[in-house]
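Undergrad: mind looking at a prediction? Sequence and model below.
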Amino acid sequence: MNFDMNEEREQYIYERGKIIVNACPGSGKTTSVGYKLMNLVNNWDYKCSGIACLSFTNVAKNEINDKFFDFNKASLNYPHLISTIDSFINRYITLPHFKTKYRCQGRPMILENDSILDSLSFQQFRINNRPIQYIYPPSKIDINVDGTFLFNGNSLDLSDEDKIIFDRYCRTLKNHQFLRGLLKNSDSLYAAYQILLNNPRIANSLAKRFKYIIVDEAQDTSEIQHLIIDQLIDNGLKNIELIGDPYQSLYEWRNARPDLFLEKVASVDWTSLEFTRCKRSLEPIVKAYSLFRVQEHNNLVGQELRDDNEKPIHIIYFKNYDQLVSKYEEISSEYRRKKILVRGTSLLRELNALNTYIDLWKETPFSPLQFIYAKEELQNGDIKSAINRLFNCIPLLINPDFANNVKSKQDFIEVNRDNHSFTAKLLLLLKSIPDFNKTLTEWNDEVKETCSSIFELESPPTFVLKAGIHRPKHSMLVSQLFERTVNSTNVSTIHKVKGKTYDSIMIVLSPNSSGQSLSINDFIRPDEMPDEKKRLLYVAMSRPKWQLVVAVPNQSRLTVERHAELFGDCIVHEI
Amino acid sequence: MYLSNMTIENFRGISSMNLSFKKDINIIIGENGAHKSTIIDAIRLLYNFGVPYKQIYIKNEDFFTNSETGESEDIISITYEFRGLTEIQKGTLYEYIIFDSSEDYASITINYERRQDKHPKFNYFTGGNPGQRANSGTFEIFQHYFLGALRDSTSDLLSPQKNLLAKVIKRSIDTNNSEQEFKDIMTNANSELLGRDEVSSTKENINSNLNDMYSSIPNIGLHIEQSKIEPIVNAIKPFLPFSNPIENNTGLSLFQNSLGYNNLIYIATVLSDMNDRVNKDETIHHALLIEEPEAHLHPQLQLNLYNFLKDQICNDNCQLFITSHSPTLTSKTELEKLFTVDTNSFKCVGEMFEDRVNENLTQNNRTMNDNDFLSKRKMLERYLDVTKSQMLYAKSLILVEGISEELLLSTFAEFEGFKFEEKDIELVQTGTSFYPFLLLFNSTDENKRIAKKVSVVTDDDRFTDSKKAEYSFDYLVLDDYNKLNELRENISNSAISSRINNLNSFKNGQENIETFTAYKTFEYEITKSNVPDRKEDIFSNLIFLYLVETQNSKLTQIQSYIEQCPSTLTDIYKTNIAMLMWKALPSKAEFAQDFAYFLLQYKDDERYNFNIPNYIRDSFNHLR
């Protein structure tokens, strides 16, 4: 694979030390990281100390892996590592060293499903004589960096009296969790930071195990992750790179702190670099989304138009959603890779693109809806997800007590991960899930039969269908009840397309910006770091190479001047 | 970094054992079957992962089997702990490290699960939590050389597969980046060879033949097949140059050399490789495992080798493990580096003298402090010569002070119908003091005592004035045996030596140690045990006959005393006869040597009788 070197990239490739890179969309951030990684690895002198390349999501992690493979024609191996930042922290700090700081029975584990915590009982903590665990479920309680407690990621505004009770409840909950080693991911991060503070030798050794750390998507790094990185730097980590685009930070709900990224950009301790050349999109598209950058960052350069008459930006004014999709199909007919992007479930529903089904079962011990998803995954070739899904359900059939005992269920799964005959049974089940051309009742009975024969259950599982208003559905065909709509594959949320490239994109706006909705009213250049709505638009609009279509509800139509101001010379459609 | 601790569970004959090692040299001694080789193999199991080809496998027979029920355990588990890590090693072994308040250390546990009709299943974890696994790439840190008991150093040195010398040279070529120069040398030599008339004319002949056969067949060229570096260095072999060679580089092949010297050559090569590697790579830990270095080596050479190894193992990342049955080695080793093994315990001999102040042992009315213990250890190190070192290999011991006991006790044993060596009993003459020896066995802490039964055989030394000239034989028979009766009274009325009390308190409440004291002295006990109730029986007793046979100058006087005794002897007469015989005996050493020989001559002769002193018999029985 060729690497298209330019001045900005060259500076980045050869720079060492503490580096922070502010990289615009389409600037080949991941490619550059992959290329630099190859350079570093090929000149690496240490046998047992490596480079850790950390990303925010598994998808991004895999992408770096792929890029590295493209350049190097071999995977990255020991002593190096490509991982998500969370699993890096879990694996190298919390899990091995939890006991240096906390008293804990056995090895701690990171919960895959936080809602398991909601089955714990803390009835003694009451406000107005109501147990507060129902108002503030345990799964939603996190510890803040300063040791205070957050609900749903936010500090609560409570009366002094209630706050005392809330704090006591949270403290009891967290003590209980830590003693049993049941950690949410956020707990693990908090614990990791405390572990490093408590025993700097750990940070010191870790900085020797990984002499070079690269953090991709660094704009989504949380405060505590920043603090952990700072700890490593204070304890001898010499080479650290943070690469990201603060404008693309979409994970505020997961405590992303783009402001801290920018703080480091401004700091004299860090070598600050910039990628301003967008190799993905045509100049007018770059210009359009540059609206969301503050004036001093309005310096991006896009690709030249292929011919003078090319007009990559389209506006569709629509009265209702009916013809919107077909109109877009028409405009974008020459492009293959394309997506319709929306915000929020209501718009997804309007566009007939909802991805989840209504659960028609009472949850005892889990819903057979899981089998429907698993079969779909199997049909889409994603056998790994399907098996994982079954791995999480089937233990509940084998031992119903697992529902109340998270740890023993996890242990069971852990023990059976390598048990080939168990996996073989799961595969057999996966293949034996009945076809969907049966009525729901028939299908349900057949599923029970299949489960009990494969796993030799004493009595068939109690999969009970919801009655009442759902009763008529019992005699409908499963294939009708659980049918994927055509649009569901073409319509997507913005979060899902982060980091991806398309030929053409259509963004569907709402009439106004109430709640989570995005509207044309959001198209204003910010004075300071833009809010998350603007960043969503920025991410969405920076996906396409050739064509950007903005669908605006008719009622929020723009004046001609505003048009020109926002989108320059564009094509306007009306439906 | 060094291997500081190891825990073995269910591996071969070891059901459970905790071991601590010293950072440089560890000499493991013990009887046969004490699992010395199992310990070495347990160490090898880990170091095995650091080499590309496995030299040791776990089989289903390797799982501990209960010798009573015949049931085998299902899991072999071995934990290794390394301490003294440098900062770089801590980074390298990050996933192994347990951050501990006293000292951070690295830990890895390997285990094998026994399965029906399949090879055992291997698993491992690093650090403190099962489930955490460092990348297997880290295993390369653990490097080792193993010289087994049944080694064949000659073929290890010469076979192309194991060619150690070639490996060392190759590594050196890699470091110096001089591969091309080596190839150039060979290319030059090759072209010179190929340029010779003999070669080129042969080639031409072949080619002309080929042409005659079929004109369009391509001609051949000739070259020497050595384009790679390995075969070149592999061709370099050690040999023994003649002292006055007619030609350069000629000599004897190693196959013509003695096995012992080849062992030394092998060890020299290994050490050169080991030090080379440890110096080049500061993360590596190198273990050198040698089983029975005494094999093929005469005692002086054993010591030279040991001294050499001691000097060589000076790098913090090298550690030496030796198993041995050699008292020669044992006698020259500091006790701190000496480890004894028996079924489920592994103890450092030197540590028997450490941290024992709390036991409140007293000597000379003073409680022993740390320094007292350590100075006793030094004393013991001095006393332990080749002969005394054998006690560490025995099952049980008899400690005696004097040469007489040492010479006579084994003869007495034969009278009792056994030989010391058959029962693995070692008789040790301790010289001036029992105490340094007893400290090995008398701790109240099970981990600080070697589990052996010990009989201490000594004299109660009452009435030491008996040595005075006034009690010499000639005076005893004067004045109607006046002095003889006085001596008897004095002996019986005197208190036993305070030494005995001290000795008994040094038992420290341990049942494995027992003190057996002679009434008065060893020699006195021998004569006293052999004066019978009936006077006439005395003439068939071997001690009396010994005096006869050696034409003892005092014999007539003894006989005349016996004549005037009644035919049934009372205690007073018996004691007096015993005292006279005792006083008539020659010097201790002379008596012991002669008498031992004399006894053995008549051992099985039914006409004569001889009684072993009771306290000696008791001391034997204690060891059974």
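TA: Okay, I see it.

Undergrad: give me the residue from chain B nearest chain A.
TA: Ranked by CB to the nearest CB, the top residue of chain B for proximity to chain A is B:Gly91, at 2.2 Å. For glycine as for every other residue, the C-beta is placed from the backbone atoms N, C-alpha and C.

Undergrad: domain ranges for chain B?
TA: B:2-148+B:283-346, B:178-257, B:398-426+B:456-623 (automatic domain parsing).

Undergrad: and stretch B:94-113, does that touch chain A?
TA: Yes. With CB under 8 Å from any CB of the partner chain as the measure, stretch B:94-113 is seen reaching chain A through B:94-95, B:97, B:99, B:104.

Undergrad: can the residues you listed go into a markdown table with extra columns for neighbour count and pLDDT?
TA: Supplementary listing: those in a markdown table, determined by neighbours: other CB atoms under 10 Å in any protein chain shown; pLDDT from 0 to 100:
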| residue | neighbour count | pLDDT |
| --- | --- | --- |
| B:Tyr94 | 25 | 92 |
| B:Glu95 | 21 | 91 |
| B:Ile97 | 28 | 93 |
| B:Phe99 | 21 | 88 |
| B:Asp104 | 18 | 91 |
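
Undergrad: would you turn those into TSV with distance to B:Ser326?
TA: What follows is the residues of stretch B:94-113 next to chain A, written out as TSV (distance: CB to CB, whole Å):
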residue	distance to B:Ser326
B:Tyr94	41
B:Glu95	40
B:Ile97	38
B:Phe99	41
B:Asp104	37
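
Undergrad: could you identify the most distant pair in the residues you listed?
TA: Of all pairs drawn from these, the greatest distance, 13.0 Å, lies between B:Glu95 and B:Asp104 (CB to CB).

Undergrad: helix, strand or coil for the residue of chain B closest to chain A?
TA: The three-state label given to B:Gly91 by DSSP: H, G, I helix; E, B strand; the rest coil is helix.

Undergrad: can you count the residues close to whatever residue of chain A ends up closest to chain B?
TA: As assessed by CB to the nearest CB, chain B sits closest to A:Lys208 within chain A, at 2.2 Å. Here the count is done by other CB atoms under 10 Å in any protein chain shown, and A:Lys208 has 23 residues near it.

Undergrad: again with B:Asn482
TA: By the criterion of other CB under 10 Å, B:Asn482 has 12 neighbours.

Undergrad: which residues sit in contact with A:Pro148?
TA: No, residue A:148 isn't Pro; it's Thr. Counting by CB atoms under 8 Å, 6 or more residues apart in numbering or on different chains, A:Thr148 touches A:Ser155.

Undergrad: B:Asn442 too?
TA: If a contact means CB under 8 Å, 6+ apart, then B:Asn442 has B:361, B:449, B:506-508, B:510, B:513 as its contacts.

Undergrad: let me have those residues in CSV, extended by secondary structure, distance to chain A and pLDDT.
TA: Formatted as CSV, the contacts of B:Asn442 follow (DSSP: H, G, I helix; E, B strand; the rest coil; distance: CB to the nearest CB, whole Å; pLDDT from 0 to 100):
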residue, secondary structure, distance to chain A, pLDDT
B:Leu361, coil, 39, 91
B:Arg449, coil, 34, 91
B:Phe506, helix, 44, 91
B:Lys507, coil, 44, 92
B:Asn508, coil, 39, 93
B:Gln510, coil, 39, 93
B:Ile513, strand, 43, 95
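
Undergrad: which of these lies closest to A:Lys311?
TA: Taking the contacts of B:Asn442 together and measuring to A:Lys311 by CB to CB, the closest member is B:Arg449, at 95.0 Å.

Undergrad: what sits against that closest one?
TA: Taking CB under 8 Å, 6+ apart as the contact definition, B:Arg449 lies against B:352, B:440-443, B:510, B:512.

Undergrad: would you mind naming what in chain A lies close to chain B?
TA: The interface of chain A toward chain B, taken as CB under 8 Å from any CB, is made up of A:47-49, A:77-79, A:91-92, A:95-97, A:99-100, A:107, A:199, A:201-202, A:204-209, A:211, A:414.

Undergrad: sitting in strands, which of the residues you listed do you find?
TA: Under the assignment DSSP state E, these contribute A:Lys211 to strands.

Undergrad: rewinding a little: hey, least reliable of the domains of chain B by pLDDT?
TA: The weakest mean pLDDT among those belongs to domain B:178-257, with a mean of 79.

Undergrad: buried residues, the helix or strand hosting A:Ser452. List them.
TA: Secondary structure assignment for A:Ser452, by DSSP states H and E: helix A:440-454. When burial is assessed from 16 or more other CB atoms under 10 Å in any protein chain shown, helix A:440-454 yields the following buried residues: A:440, A:443-444, A:447-448, A:450-451, A:454.

Undergrad: any idea which of those is closest to B:His298?
TA: In terms of CB to CB, no member of those lies closer to B:His298 than A:Ile454, at 72.0 Å.

Undergrad: report the contact partners of that closest one.
TA: A:425, A:428-429, A:432.

Undergrad: same check, this time on A:Lys18
TA: Taking CB under 8 Å, 6+ apart as the definition of contact, the neighbours of A:Lys18 are A:233, A:239-240, A:269-271.

Undergrad: and the contacts of stretch B:157-176?
TA: Contact partners of stretch B:157-176, identified using CB under 8 Å, 6+ apart, comprise B:155-156, B:179, B:182, B:229-230, B:233-234, B:236-238, B:254-255, B:262, B:265-266, B:269-270, B:272-273, B:276-277, B:280.

Undergrad: centre of the chain versus that stretch, how much separation?
TA: 33 Å (CA atoms, centre = their mean, to the nearest Å).

Undergrad: could you pull out the buried residues of it?
TA: Within stretch B:157-176, the residues that count as buried by 16+ other CB under 10 Å are B:157-158, B:163-166, B:168-170, B:173.

Undergrad: same question for stretch A:464-475.
TA: Under the neighbour-count criterion of 16+ other CB under 10 Å, stretch A:464-475 has A:466, A:473-474 buried.

Undergrad: try stretch A:11-22
TA: A:12, A:18-22.

Undergrad: interface residues of the stretch 251-400 of chain B facing chain A?
TA: B:281, B:283.

Undergrad: what segments of the stretch 251-400 of chain B are strands?
TA: For the stretch 251-400 of chain B, the strands identified by DSSP state E, counting those that start in this stretch occupy B:251-252, B:285-291, B:318-324, B:338-342, B:345-348, B:362-363, B:366-367, B:396-400, in order along the chain.

Undergrad: and those as JSON lines, adding mean neighbour count?
TA: Written out in JSON lines, the entries for the strands of the stretch 251-400 of chain B read as follows (neighbours: other CB atoms under 10 Å in any protein chain shown):
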{"stretch": "strand B:251-252", "mean neighbour count": "13"}
{"stretch": "strand B:285-291", "mean neighbour count": "24"}
{"stretch": "strand B:318-324", "mean neighbour count": "24"}
{"stretch": "strand B:338-342", "mean neighbour count": "23"}
{"stretch": "strand B:345-348", "mean neighbour count": "20"}
{"stretch": "strand B:362-363", "mean neighbour count": "12"}
{"stretch": "strand B:366-367", "mean neighbour count": "10"}
{"stretch": "strand B:396-400", "mean neighbour count": "24"}
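
Undergrad: which secondary element of chain A has the worst mean pLDDT?
TA: For chain A, counting by mean pLDDT, DSSP states H and E, helix A:487-490 ranks last in confidence among helices and strands (a mean of 65).

Undergrad: does B:Glu291 touch B:Ile43 like I think?
TA: No. Between B:Glu291 and B:Ile43 there is no contact under CB atoms under 8 Å: 11.4 Å.

Undergrad: quick one: residues contacting the most far-flung residue of chain A relative to its centre.
TA: Relative to the centre of chain A, and counting by CA atoms, centre = their mean, the farthest-placed residue is A:Glu458 at 40.4 Å. By CB under 8 Å, 6+ apart, no residues touch A:Glu458.
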